[in-house]
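Student: Quick one: sequence and predicted model below, then my questions.
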Amino acid sequence: MQPHERIIFPLDFPNAKEAKKYIELLKDHVGLFKVGLELFVSEGPAVLKTIANIAPTKVFLDMKFHDIPETVSAAQKAANVHGAEFITVHCDEGPRLLKAVVDTVSNGTKILAITVLTSLSEEDFKDIGISNDLQDPLKLVLHRAAMAKNANCSGVVCSGREVKAVKEKFGKDFIVVVPGIRPEWACVKDDDQSRITTPFNAIVGGADYIVVGRPIKTHHNPVEAAKKIEEEIAEGLKKRRN
Ligand code: C5P
C-alpha cells in the first residue's frame, strides 16, 4: 500500500455537489472516501455512484450501525449491494449485534467495530454510565476490541493513543483505523475531537489507515495538506520498520 492510500478522507459535506469538488481534488491523494451520516442522509446511496464515476477509489460506508440485531442485520443486507470496502458498527450493544452484521455480509465488505469515539474523553465516561473499572479509555477500547475480534469483525476504529496496544494484543492483521488525527500544523476551529494524535504517531503505533477530515478540508490548499500528511505517513512507516 502506498502511503497516501492509508488516508481516508471523510466526505462530511451537506450535498453531492460540495463532495464532488473534493473527490475531484483529492482522488489521487487519498486511498478511500468515507461517506457518513450527513452525506448519506442528504443524498442517499446515489452518492456512491457519484464517487465511483469520478474516482476508482474504494468507499468506506460509515453507517455506525446501532440498533437491535434484526434491524441492523437487515440494514447490512441492504448495504451488501453497494460493495463498500468497510462498514462500521458500534460495539456498545454487545457481541450479538456485531455478529449479526458480520454474518450478513455477502460481498467481501469488511466490518469495523467502533470501540470508543475519539470525541469522548475520560470525563464523558461517567456521564454515559461506563462502569468504574472501565473508565480508562485504553481499558475500554481493549475490552471492546476483544469483543469485535471474537465476533469476527475485520478490525476496529480507535484513537491513535490505543492503536499500539490493540495491535500488540490482537495481531497485525486485525485492521485498525484511527480518526481524531491532528497534524501539529493543523488549526481546527471549535474542535470536538478529544483523544487526538498526529499522523506520524498514529502510523508509528501501527494504524493501517487514518481518517483525516478538517485538517485537509479547511486547509487553504487541501492537496498540499494531503501531501504533507502523506509525507508524515511515509516517515512513520520508516520508523515503524526500524
Ligand atoms: O478530522 P475530522 O475530525 O474532521 O474527522 C471527522 C470524521 O471522522 C467524521 O466523518 C467522523 O464521523 C469521523 N470519526 C470517526 N470515528 C471517530 C471520530 C470521528 O469515524 N471516533
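Tutor: Arrived safely.
Student: C-alpha only now, for contacts and for neighbours.
Tutor: Noted.
Student: Select the longest helix from the chain.
Tutor: Ranked by residue count, the top helix of the chain under DSSP state H comes out as helix 222-241.
Student: Can you list the neighbours in contact with that helix?
Tutor: Applying CA atoms under 8 Å, 6 or more residues apart in numbering, the contact partners of helix 222-241 are 3-4, 7, 25-26, 29-30, 183, 199-201, 203-206, 215-216, 219.
Student: So which bits of the chain are right by the ligand?
Tutor: When proximity is defined as CA under 6 Å from any ligand atom, the chain approaches the ligand at 10, 12, 36, 117-119, 179-181, 193, 211-214.
Student: In the chain, where's the longest strand?
Tutor: Ranked by residue count under DSSP state E, the longest strand found in the chain is strand 58-65.
Student: who does that strand pair up with?
Tutor: Looking at strand 58-65 with DSSP bridges, its partner strands are strand 32-35 (parallel), strand 86-90 (parallel).
Student: ok, which stretches of the chain are helices?
Tutor: 16-26, 37-43, 46-54, 69-79, 95-104, 122-128, 137-150, 163-170, 199-205, 214-217, 222-241.
Student: what is the rounded mean pLDDT of the third one?
Tutor: When you say that, I think you mean helix 46-54. Mean pLDDT, computed over helix 46-54, is 94.
Student: So which elements touch that helix?
Tutor: Secondary-structure packing of helix 46-54 (3 or more CA pairs under 8 Å, 6 or more residues apart in numbering; DSSP states H and E): helix 16-26.
Student: switch the cut-off to 10 Å
Tutor: helix 16-26, strand 32-35, helix 37-43, strand 58-65 (3 or more CA pairs under 10 Å, 6 or more residues apart in numbering; DSSP states H and E).
Student: hmm, who's touching the third one?
Tutor: The list of residues contacting helix 37-43 from outside it, by CA atoms under 10 Å, 6 or more residues apart in numbering, reads 10-16, 18-19, 35, 44-48, 61-64.
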